[in-house]
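Peer 1: test case, fold it:
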Amino acid sequence: MDTQKFGAFIAAVRKEQKMTQAELGEKLRVTDKAVSRWERGLGFPDINTLEPLADALGLTVLELMRSERLPEPALPVEKAAEALSSALTAAEQQRKQLIKTLLRNLILSFVGILVVLVGWFTLTGLMTRKDVFLVDYAALPSGTVITIRAGVAGPMGYIRRCADISDDPTEARLRFYSAFGGLNSRMGAKNVFLIPVDEECSAICFEGRDDPVLIRDSSGKWVLPT
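Peer 2: Numbering: from 1, shown residues only. Got it, this is the predicted structure:
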């Protein structure tokens, strides 16, 4: 059954009877938006709505199915059965297509979210690590760039990256990141980092620790705190 022909037919009959979409919808206990969808050829009414729709428009179910007024006498029973079968088939095909479209969109959305999450966890290191400790360090004579080697106290996981989160120019506070909360592979792991600091910076701290891991002494050299 042609949705466009069906929609144009019920719209024409409704207008002949000077009935609005809202009035027709009220008789059928559906919204005017549902009626609008039928008339625009965007879908068929539910099979249980066909007979009430035909009655509301002063049509026979067969006329509704064939989307045209039929002269008397009505078509043979075989034709009526054929028209009803066609309507049922069209409605079933529409239902299956709708389900297929919904499932496809759901799967695509799920895959998209999964790809984004995996990429984020793996590449950026979503989780912070607060069990990091200083293994070794070296500093340029100017003291403005420090190389640190870090390790993790936990039994699992690797550091992905670190960032200075301090707004205080006199202190560098390093935050370390690890993907999957530490349950990640060695791929992309790092334990050596170059840390640029301001000339007035006098302490380097690790997030999660109260005391600094490195301080600048009176001579301007970076040393371990005593």
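
Peer 1: use CA for all of it now, contacts and neighbours both
Peer 2: Noted.

Peer 1: W222 contacts G143, correct?
Peer 2: Yes: the pair W222 / G143 is scored as a contact, 7.0 Å apart, by Cα atoms under 8 Å.

Peer 1: between those two, which is the more surrounded one?
Peer 2: Each of W222 and G143 has its neighbours counted (other Cα atoms under 10 Å); W222 has more, 22 against 19.

Peer 1: my guess is V192 contacts I146. True?
Peer 2: No: assessed by Cα under 8 Å, V192 is found out of contact with I146, at 10.4 Å.

Peer 1: which stretches of the protein have low pLDDT?
Peer 2: For the chain, the stretches with pLDDT under 70 are 1, 72-88, 118-126, 179-188.

Peer 1: how does it divide into domains?
Peer 2: Following automatic domain parsing, one gets these domains for the chain: 3-94, 127-223.

Peer 1: count of neighbours near I159?
Peer 2: By other Cα under 10 Å, the residues close to I159 number 25.

Peer 1: same deal with T170?
Peer 2: Neighbours of T170 (other Cα under 10 Å): 14.

Peer 1: nearest residue to it other than its sequence neighbours?
Peer 2: C201 (3.8 Å; Cα to Cα, 6 or more residues apart in numbering).

Peer 1: quick one: the one you found is in a strand?
Peer 2: No: residue state for C201 (DSSP: H, G, I helix; E, B strand; the rest coil) corresponds to coil; a strand is not indicated.

Peer 1: these two touch, right, it and P169?
Peer 2: Yes: assessed by Cα under 8 Å, C201 is found in contact with P169 at 5.7 Å.

Peer 1: these two - which one has more neighbours?
Peer 2: Neighbour comparison, C201 and P169: the larger count goes to C201, with 17 against 13 (by other Cα under 10 Å).

Peer 1: quick check: that one vs R216, distance?
Peer 2: 8 Å (Cα to Cα, to the nearest Å).

Peer 1: what's the answer for S166, then?
Peer 2: From S166 to R216 the distance is 17 Å (Cα to Cα).

Peer 1: what do you get for T3?
Peer 2: Distance from T3 to R216, counting by Cα to Cα: 80 Å.

Peer 1: again, but for R37
Peer 2: 74 Å.

Peer 1: if anything else comes up later, I'll come back, but that's it for now.
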